[in-house]
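Engineer: Here's a sequence, model it:
(chains A, B, C and D, ligands or ions: 4)
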Amino acid sequence: MRRASVTYCCIKTGHTTRDPNALTSNPLLDATGVAKNYGAVAALRNASLSVLPGEVHALMGANGAGKSTLVKILTGAIRADAGRILIRGEVSDVRSPAAARRAGLLPVYQEPALIPDLNVLSNLRLTGTPVEPFRAWVRELGIPNLDIRETARDIPLAVLRVLDLARALAVEPDVLLLDEMTAALPANLAEKVLEVVRRQGDSGRSVIFISHRFVEISALCDRATVLRDGATVGVVDIEPGIEEKIVEMMLGARIEKTSVAAARMANETPAAKDSHPRLSVRNLQLGTKLHDVSFDLANGEVAGVVALEGQGQDELFAALAGSIRPAGGTIAVDGAPVKFSHPSDAIRAGIAYVPGDRTEALAMQRSVRENIALPFSAAPRKWGPIKARRERMVVSSAIGRLQIDTRAQGEVQRLSGGNQQKVTIARWIAADARTILCFDPTRGIDVGTKQEIYKLLRELAGLGKSVLFYTSELEEVQRVCDRVIVIFGGRVVDTFPVELADEPALMRAAYGLPRGAREDVGILADVRPASDTEAAP
Amino acid sequence: MTNSATLPQPAPFGRRLKRFMADRPIIPLIILLVILVMILQILRPGIVNERWIANTAKFAIPLAILAGCQTMTMLTGGIDLSVGTVATMSAFIMATQIVNQDPAVACVLAMLPALLIGLVNGIGVGVFRVHPLIMTLGTSLIGTGFLQVYQRTVIASGARIPDFLNWLGTGLTYGFPNALFLFVPVAVLIVFTLNRTGFGRLLYAVGDNEHAARLSGVRYWQVVTALYVISSLLAGITGLLYIGLIKAPSLSLAEPLVLPSVAAAVIGGTSIFGGRGGYMGTIIGALILTVLTTLLTILHMPEGGRRILFGFIVLFVTAAYLRIIEDR
Amino acid sequence: SAEGKYTIGISNTVQGNGWREEMICAMKAQALASGEVAKLNIAHRNTDAAGQLEDIRNLISAKVNAIVVNPADPAGIKAGLEEATKAGIVVVAVDQAVTEPSAYIISNNQEQYAYLGAKWLFQQMGSKGEVLYMRGAAGASADSDRDKGFKKALAEFPDVKVAQEVFTGWQQDQGKQQILSFLATGTPINGIWTSGIDNVIVDALVEQQAPMVPVVGADNAGFVGQLNTVKDLVGAAVTNPGSIGGAGVTLALQILDGKKPAQQTVLVEPQLWENATDEGKAKLKAAADPSLSPEWPVSISIPDWTTYTKEQIVACKGPGE
Amino acid sequence: MTRFLRRQGWVAGLFALLVFLFVITKLIQPGYGSGDFGSLARAVLPYAFAVAAQTVVVIAGGIDLSVAAMMALTSVTAASMMNGASEEYAFFVVPFVLAMGLVLGALNGFLIVITRVPDIVVTLATLFVLQGAALLVLDAPGGAAAEWLKATVVGTMPIPYLPDWADAWVPKALVLLVVCLFIVWIPLRRSRLGLSIYAIGSNELAAFRSGVPVARTRIVAYALSGLFGALGGLSLTISTGIGAPIPGPYLLASVAAVVLGGVALGGGKGGLLGPIIAVFVLRLVRTDLTLLAIDPNVTAIIEGAIMVAVVMFGAFITIRGRPAGATP
Ligand SMILES: Nc1ncnc2c1ncn2[C@@H]1O[C@H](COP(=O)(O)OP(=O)(O)OP(=O)(O)O)[C@@H](O)[C@H]1O
Ligand SMILES: Nc1ncnc2c1ncn2[C@@H]1O[C@H](COP(=O)(O)OP(=O)(O)OP(=O)(O)O)[C@@H](O)[C@H]1O
Ligand SMILES: [Mg+2]
Ligand SMILES: [Mg+2]
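Structural biologist: Ligands and ions are numbered 1, 2, ... in the order given. Got it, this is the predicted structure:
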């Protein structure tokens, strides 16, 4: 734990010896007014970003702020609807990743870009990456004995990310764009990555660095551009104590409202809770992802789950939904132990799962009605004629309840994202599921819809249903939940009653830090998450 | 994936027309069919009469039923290449068993291989996840082999076409082919199944997004097994109808209908990737192909030229149709 | 007849067609009836000349004494036949000729088949009018041979015109669809020549209550039955016996026994059975055989060349089965 | 070694099966020798090229239904060009026909890219077009092949420093196959282009993000398929000395051998070696069935059953081999 922070400190020290003139020259990359719409969703509205030579530039923003979208636009993977991009002062027309590469821009995207069926060597050939520098970088990045004839599919995700980085480094790009490079890495690998990135900056090359980890940002970056809801809200120099300000910019006006009592939505009188829990999970285990997860979910309760990306929450929800089989531990519904081998088993036990990615949950070319009524037909004995009147009643009551905009109900894909999201929930309202697992249901939807969903979840709780609610927006926790479970490194590290769950406290817990007073945010830079070091291979 | 369709905006006429067509994909198809018929009428004035329509219907019907099998399997992202063999088997078995069996028994015997092949296809695709193309190709090879072995054992007894199949296949009632007595209920049933039953829903859902269906509690193998059994049984029934129409049992009777049945479903707007399409379009697709065949027969053209034309028309129709319905 | 001493290989490239099935059964029945054959080794599937080459070479590997082959193409299997002869194997081609000079050929005369029928048809039509010309499979060699014969007859009747030429692909359903489409056009015709897809044509005429015109077909059981029974149908069946297969086996055995024929090629000339004259009607009556599969040619034996009984060919059993 | 087995396990298993079949063959027919092996190699030739043509597009994530028609067209073109021409003229014919295959294949890919019609439909349409074109070139089997060309597949290859008995096991047909396939394939596989073909089949998005020009690569894959198809057509003309306008049974055989050879129909996986060995296996099975004088009617059953069984087995071991908890 200590050692890690020392390393950071040393890198930081090295940094000060750099030529200060480098930072004052003309921007290497300069983007202004970038906008991108996906149908009704505005991924980017007005983003700008200016990167100087030799700078490590952080790109920050909450989930869905548009960071990845900006990276994809800058590197030609998608085309912007509007905006101007200058590279070395000239208007660039980067139409494809290949063109970006030629212009000296190299990305490491959030999703691995190695071809799964090719071995590492072939992946290098495919992109014209020189092998020897690549090997050198891989060693440098802390993987001493890589077999470059291994197929990408067989390589663990963390290593794959590092290889992606080494592949980018090997061609000595002028601008390296790293999208949550460290999110999936164990501490020792992350450290090496940071070290390398730092040196990259020192040697006069630029890096655009995206991360949700303040430790990394403050240890590494010179400046940060902060995005909120698709627009750039500010550029700051990184200096001690700046974290507070960045959090403020990222969250915007919302930070003002975080006092515990104020934002509570509907349902001030929680339903009477039974003594025995609806769902109780004990010692749940799954590969390297879940270690010993235990918690209870009461009737009429909304329990929030808070975790950083990739801490095992996806696997937890999938296991509870019957989508994957846990390796160990027990799940009990109403006190009776259950084993799920298929989602239909979970559904029979009254557990419904609303995945975060709505494209996973919806038949996009079918109507709203069919999507909502889908679970009714699942079992073979329900394959017969549909009781149309009954169905229309149930479906329209669910639609009414969620106020789904049905003007384009013929095909779900024509609905707005928020309305699509509502359909995924309406399905289980119609089916009258007793336990609902909601995985980040407000991802990428507008403020009004969010409010409706909060209200709905409270109402469900009022009706005695149990809701497990993962959210990546901490602010939501206080609006919706009765209780918060914080997961870190595949373990439940803390449980808050909602009264204590203000954003700074949650954020701290989510980063694996012990509970503390608000003024202590400064210690972020000194402490590394405990289990990260343990997770190292 | 997400469209701007929800934003109301005044659109030029062309766009509105396109939107209109995209919402009712059957209309451009019908227009296409009418155009083909008109071309036919121009080339051979007087050909389009009551009799010709009845004939076209007679030949379109078996094709349309087999194309129904393809439509349903394609909705799930599959394909059933064994329909030709299954239809041939049931036709051949019917024609040979009727000689010394009760018609009811002969019917059951004729449908037995259909049931079996459907079951094997379904289990292979649904449980073992074998690619439907390979699975159905394999079972059709095996079926053909069995048919050849079977044929040898019945050569001595000869073959006969039972009267009721004869009536069904070629008879006319008030100028309408009797085959409609079979086809109308079958078509209604397929359309009803696809639109108004839980099973139909699942076909679309599984083909559109198997993962979503799974999360809704749908067990893939159940749906797929039922599907391939139904497809096979329909093919078997088609075989019986077809033998009544052609009246000569042979070991490759319905084989020439297989590729056209796929083409009819595709022309009718069913996506080969699953999740999109319907049976009404397929019926029009089958009619288009039948008329096209007549058209090419009528043309004074070398056989090679006809085939080239056929290929280009199929490609053109599909591409044009995709453009019309793809609404963006 | 247990003491068979020869193994005979058979290669055929069309499967599932009544004529070819009869040919195979005739080979088996003749092999059994001759008493000289210990085993038949049959390669029988749908394939092309290259596939037949493969089969022939496999038969050579199997060390058969003779190969009876129905060639996919006269020239296309020359190399294989040559290798067989070199390996000391007697090669007999049936049904169609081959270009390999060392091979013996016993064949139906396809050109003559078409000429005979077409000529009779044109005479029936009064040497003038429109004929519907329904060919076999585009690109098949038997079809192009027959086309030669048809064109030869056509040249002799300048007032006969081809109203429409279609390829049935030797498939019943295609033939039927084509004739129905054609009848629906209402184009007047005076005669129909078919390349063996015949009974469905008569069916269509009856079904549509179209005016009966003379029809020429092959001697398939179905068509022969129709010539005897369908009212107002004037027509002729030209023999194209599938039993030529049995004749091929006989020829092969004769050569193996050292009785070489005078020439390499033995042509079995087609006969024409028509129902326009009493004499012809009698022939047809005698030939008709409703117990056979309608796709089987009724001429199940060839005098002097085959010795099996009807029961034997229908049973379709070879030696050792 | 373990990685080799894991990666090439399927191919290795297939090879073991082939060796096993050779042993069986030798047991059935003790006289089976080098000459018979030469026959096998010659029989394999057209199938192998067809399968190579199919493999390339399947690896790129597509399918080509026009393989057999392409072979027919190139075969008749070559045969009719060489008909009555001088021996030297063939030196011109061969590259011409190969170029023709390349261009027609590229046209397939081009149509798929610009029309956005599913490749299975586009190649179905071109199947008819190519077939029609073949009939226009030659309406019946015919034409000729230059003697020196025919000689390239007859006999054995004298290899320096090798005893005669060993030479006897190196038939020219095999050498021709290896040279033609591997001269194209091995450099390709190692090249960026070849990797791109794998990449677009494996994960199109990742390929695009790695800078692969997806559309162009797809066109190239189909062009290569056309080239291999033309080689197949030429090999038909060379071995039979004629060209036949009706396509042989190469389409289904090619799909079957591709799957047997361990190339996933989804794309991105496998190589050329597996499918080629699969072709040898399938041909040798046929040889054995002939040697055993199995009832010809049973052979179709056996061939179909082998196909289904092997593919089911493959699917089964991949299901079993999946990590616990993973969903299909
Ligand atoms: N292909 C797409 N279709 C529709 N909406 C999309 C698409 N890609 C991104 N979006 C939306 O655009 C917004 C910005 O997404 P982006 O991936 O850029 O966010 P991000 O800042 O990288 O978030 P995170 O921190 O979670 O990675 C989100 O609301 C997302 O839902
Ligand atoms: N097609 C449908 N459309 C809408 N809701 C439906 C549909 N089918 C079933 N449901 C809902 O699911 C519940 C149970 O379904 P259904 O009416 O089929 O019950 P059942 O057959 O009486 O019950 P069981 O499942 O015990 O056999 C009903 O209360 C109804 O609300
Ligand atoms: Mg993130
Ligand atoms: Mg992102």
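Engineer: what's C:Gly246 in contact with, if anything?
Structural biologist: Contacts here follow CB atoms under 8 Å, 6 or more residues apart in numbering or on different chains; on that basis C:Gly246 touches C:Ala26, C:Met27, C:Ala29, C:Gln30, C:Ser301, C:Ile302, C:Trp305, C:Thr306, C:Tyr308, C:Ile313. Every residue, glycine included, has its C-beta placed from N, CA and C.
Engineer: Now rank these by neighbours and give me the top one.
Structural biologist: C:Met27 (34 neighbours; other CB atoms under 10 Å in any protein chain shown).
Engineer: how close does that residue get to chain A?
Structural biologist: Using CB to the nearest CB, to the nearest Å, C:Met27 is found at 51 Å from chain A.
Engineer: Pull the contacting residues for that residue.
Structural biologist: C:Met27 makes contact with C:Ile10, C:Leu40, C:Ile42, C:Val68, C:Gly245, C:Gly246, C:Gly248, C:Val249, C:Gly318, according to CB under 8 Å, 6+ apart.
Engineer: Give the single residue among those positioned nearest to ligand 2.
Structural biologist: Sorting those by how near they are to ligand 2, with CB to the nearest ligand atom, puts C:Ile42 at the top with 58.1 Å.
Engineer: quick one: contacts of the helix or strand harbouring A:Ala303?
Structural biologist: When secondary structure is defined by DSSP states H and E, A:Ala303 falls within strand A:302-306. Outside strand A:302-306, the residues within contact range by CB under 8 Å, 6+ apart are A:295, A:297, A:313, A:316, A:457-458, A:460-461, A:466-471, A:474, A:476-477, A:480-487, A:498, A:501, A:506, A:509-510.
Engineer: Touching, D:Leu17 and D:Val281? I think so.
Structural biologist: Yes: between D:Leu17 and D:Val281 there is a contact under CB atoms under 8 Å: 5.8 Å.
Engineer: For B:Gly274, what are phi and psi?
Structural biologist: Backbone torsions for B:Gly274, taken as degrees, to the nearest 10, come to phi 100, psi 160.
Engineer: For it, which non-adjacent residue is spatially closest?
Structural biologist: Spatial nearest neighbour of B:Gly274, excluding adjacent residues (CB to CB, 6 or more residues apart in numbering or on different chains): B:Gly207 at 2.7 Å.
Engineer: Just the helices from chain B, written as ranges.
Structural biologist: Listed in chain order, the helices of chain B (DSSP state H) span B:13-23, B:26-43, B:50-75, B:83-97, B:103-126, B:132-154, B:163-170, B:179-196, B:198-208, B:210-215, B:220-246, B:258-267, B:279-298, B:303-325.
Engineer: out of these, nearest to ligand 4?
Structural biologist: Ranking these by distance to ligand 4, with CB to the ion as the measure, places helix B:210-215 first at 21.7 Å.
Engineer: How many residues are close by residue 166?
Structural biologist: Using chain A here. Counted by other CB under 10 Å, the residues lying close to A:Ala166 total 26.
Engineer: I was thinking of chain B, sorry if that wasn't clear
Structural biologist: By the measure other CB under 10 Å, the count of residues near B:Asn166 is 18.
Engineer: do A:Arg508 as well
Structural biologist: The local packing of A:Arg508 (other CB under 10 Å) involves 22 other residues.
Engineer: Quick check: of the contacts of C:Met27, which lies closest to A:Glu360?
Structural biologist: The nearest member of the contacts of C:Met27 to A:Glu360, counting by CB to CB, is C:Ile42 at 56.0 Å.
Engineer: close enough to count as contact, the closest one and D:Asn297?
Structural biologist: No: the pair C:Ile42 and D:Asn297 fails to qualify as a contact (CB under 8 Å) at a distance of 9.2 Å.
Engineer: The two: which has the busier surroundings?
Structural biologist: Set side by side, C:Ile42 and D:Asn297 show unequal neighbour counts under other CB under 10 Å, the larger going to C:Ile42 at 25 against 22.
Engineer: Any part of stretch B:160-174 near chain C?
Structural biologist: Yes: with CB under 8 Å from any CB of the partner chain as the threshold, stretch B:160-174 lies in contact with chain C, specifically through B:Thr170.
Engineer: Residues in a beta bridge with the closest residue to C:Ile244 other than its chain neighbours, which ones?
Structural biologist: Nearest residue to C:Ile244, sequence neighbours excluded (CB to CB, 6+ apart): C:Val94, at 5.1 Å. In this structure, C:Val94 has beta-bridge partners C:Ile106, where bridges are defined by DSSP bridges.
Engineer: tally of neighbours for C:Val94?
Structural biologist: Look at C:Val94: counted by other CB under 10 Å, it has 31 neighbours.
Engineer: For it, give me the pLDDT.
Structural biologist: C:Val94 carries a pLDDT value of 90.
Engineer: what does D:Ala215 give?
Structural biologist: What the model reports as pLDDT for D:Ala215 is 93.
Engineer: Now do the buried residues in stretch C:30-38.
Structural biologist: By neighbour count, and taking 16 or more other CB atoms under 10 Å in any protein chain shown as the criterion, the buried residues in stretch C:30-38 are C:Gln30, C:Ala31, C:Leu32, C:Ala33, C:Ser34, C:Glu36, C:Val37.
Engineer: Near chain B, list only the ones from those residues.
Structural biologist: When CB under 8 Å from any CB is applied, no member of the buried residues of stretch C:30-38 is adjacent to chain B.
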